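# fold the following.
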Amino acid sequence: MEQIETGSFSPPDSTGGPTSFRVVSWNIARGSKLNAVIEFLATANADIILLQEVDRNARRTNYWNVAKEIAQKLRMNYIFGCEFEELAEGTRASPAYHGQATLSRWPLFDSSILRFYSQSNFWQPRWFTPALGPLQRRRGGRMALFSKALILGRTVATYNLHCESKGGDDLRSSQLQEFLKDAKSYTVDLPVLAAGDFNLDLSQGQAATALADLGFVNPFGTLRQATSVSHSRSSPDRIIDWILFRGPLVGTNPEVHSSVAGSDHYPLSLTVSFS
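As a prediction, this is how the structure comes out:
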């Protein structure tokens with residue numbers, strides 16, 4: 001569960017844009033609509049891609065290694081970190097996993113998993129609960145996938161986060177604090193890029209204050225545009241996906257691509273340059 005899968009498909013001379021780079025973050029709902037996901041990402045012209053809810057060897061997604069499939073098609077480097085083992089989607093001999101993937105046109109290194117201490121017990125397997133797909137029993141826990149990327153000759157620390165969808169905002173806020181504590185260990189002159197499905201509105205309240213106190217900029221905070229589609233007609237669509245940055249970076253052209261139908265979340269994109 002703590003091992004990180006890596007793959008390199010980017011051409012050795014890949015340099016991207018001369019002064020800026022494009023970032024996309026997207027919860028792709030396991031990759032069940034893989035062709036639609038790849039189609040959007042291929043046209044998004046992204047240099048760094050942070051994906052959440054990525055399947056590997058799961059029955060429900062045709063046993064694809066989703067991160068590898070995308071990286072090969074886009075000719076990018078990738079890392080994949082396991083969030084959960086999906087007990088109903090594989091076997092003991094051939095387990096299925098679900099997690100986060102970060103893709104880059106440039107090298108990724110010093111990768112690790114920040115497994116949150118605060119977790120919900122909702123997903124835990126229980127002796128009286130059968131391992132059936134709809135019940136979604138799992139082993140593991142929510143986490144942030146960390147990696148450094150060498151972008152345009154400069155090192156950038158990246159966090160690919162997926163906070164808990166079950167439980168209350170107190171739990172999600174606690175996981176946010178764990179990420180912020182880890183990010184605080186890096187000096188302010190190291191650029192930090194953080195993105196993902198936080199399952200939390202980071203544009204207001206204590207979450208917004210905590211981010212600002214550590215110098216994080218939220219260019220999507222003023223858009224107030226829904227980033228996910230509600231599964232219930234009685235519940236409104238939510239604003240829970242974000243791209244954040246800290247340090248000598250400038251973000252422009254934040255966009256929520258609400259016309260893209262590859263998931264129950266919309267992809268986010270941002271143009272980033274070094275200040």
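
# and Asn65, what does it touch?
56-57, 80 (C-beta atoms under 8 Å, 6 or more residues apart in numbering). For every residue, glycine as well, the C-beta is placed using N, CA and C.

# and those residues, which of them are in strands?
56, 80 (DSSP state E).

# for Ala44, state which of the contacts of Asn65 is nearest.
Using C-beta to C-beta, Phe80 is the member of the contacts of Asn65 that sits closest to Ala44, with 19.7 Å.

# just give me the neighbour total for that closest one.
By other C-beta atoms under 10 Å, the residues close to Phe80 number 26.

# thinking again about what came up before, could you export the contacts of Asn65 as JSON lines, including pLDDT?
Converted to JSON lines, the contacts of Asn65 look like this (pLDDT from 0 to 100):
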{"residue": "Arg56", "pLDDT": "98"}
{"residue": "Asn57", "pLDDT": "98"}
{"residue": "Phe80", "pLDDT": "98"}
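
# now distance to Gly90 too, for the contacts of Asn65, in TSV please.
Output for these, formatted as TSV (distance: C-beta to C-beta, whole Å):
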residue	distance to Gly90
Arg56	9
Asn57	6
Phe80	15
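
# counting neighbours, what do you get for the nearest residue to Ser273 once chain neighbours are set aside?
Excluding the flanking residues, the one nearest Ser273 by C-beta to C-beta, 6 or more residues apart in numbering is Ser20, at 3.9 Å. Ser20 has 17 neighbours, counted by other C-beta under 10 Å.

# my read: Ser20 touches Leu270, true?
No - with contact defined as C-beta atoms under 8 Å, Ser20 does not count as touching Leu270 (10.2 Å).

# got the contact list for the helix ranked longest in the chain?
Looking across the chain with DSSP state H, the single longest helix is helix 169-183. For helix 169-183, the surrounding residues in contact (C-beta under 8 Å, 6+ apart) are 114, 116-118, 120, 142, 144, 146, 157, 159, 161, 163-164, 192, 194, 198-200, 202, 206-207, 210-211, 214, 216, 246.
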